[in-house]
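Asker: need a structure here:
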Amino acid sequence: MRPATTLELLATPAEVSGARRALSAYGADVQLCASELVTNVVQHLGEGVPVTVRVWCDDGGRTRLEVTDPDARALPVLRASVCADEESGRGLALLDALASRWGVAHGPGGKTVWCELAAGPGGGAEPVVSVGGLCRTATAGRDPR
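Answerer: Numbers count the residues shown, from 1 in each chain. Next up is the predicted model:
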């Protein structure tokens, strides 16, 4: 397993873009998923909530992203559909489309929303590229299984 990247931040719109920049070595799909998950914290829990973003790649090339916040009660909900004129509600749909799987884990300090982006044959992604000890995929997609 490669070293993890951990970001401790307060959930604000400025920190969303900062997290995206900090995770650039992992590729656009990881950046987008992290952005959507931190934005959910801002929208549903409020600005200034402490958040931990953690990303790592396993030896098989799979990238795991976790976003932890202190509120175990505010759970993400994947909406069945979003009308074209609605301004929000697509974040989890994007995450669901990009990740091979995702979920929520409860812990003593709140909850962690996580997702895994597959790499390699059958996973919908290009082979993993090592960048400064980090791994990333050129594109990631849904696990066809």
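
Asker: Residue 105 - how many residues pack around it?
Answerer: By other Cβ atoms under 10 Å, the residues close to residue 105 number 10. Yep, even glycine has a C-beta here, placed from its N, CA and C like the rest.

Asker: Okay, it and residue 20: tell me how far apart.
Answerer: 23 Å (Cβ to Cβ, to the nearest Å).

Asker: likewise residue 108?
Answerer: From residue 108 over to residue 20 the distance is 29 Å, taken as Cβ to Cβ.

Asker: These two - which one has more neighbours?
Answerer: residue 20 (16 against 5).

Asker: and that one, what is it in contact with?
Answerer: If a contact means Cβ atoms under 8 Å, 6 or more residues apart in numbering, then residue 20 has 31, 34, 35 as its contacts.

Asker: tell me which of the residues you listed is nearest to residue 62?
Answerer: The closest of the contacts of residue 20 to residue 62 turns out to be residue 34 (Cβ to Cβ; 15.8 Å).

Asker: so where does the closest one fall, helix or strand?
Answerer: Residue 34 belongs to helix 28-45 when assigned by DSSP states H and E.

Asker: State the next helix or strand along the chain beyond that helix.
Answerer: Sequence order places strand 49-57 as the next helix or strand after helix 28-45, per DSSP H and E.

Asker: Okay, buried residues for that following strand please.
Answerer: By 16 or more other Cβ atoms under 10 Å, the buried positions in strand 49-57 come out as 49, 51, 52, 53, 54, 55, 56, 57.

Asker: Could you measure from the closest residue to residue 46 other than its chain neighbours over to residue 48?
Answerer: Among residues not flanking residue 46 along the chain, residue 11 sits closest, at 7.7 Å (Cβ to Cβ, 6 or more residues apart in numbering). Look at residue 11 and residue 48: by Cβ to Cβ, they are 7 Å apart.
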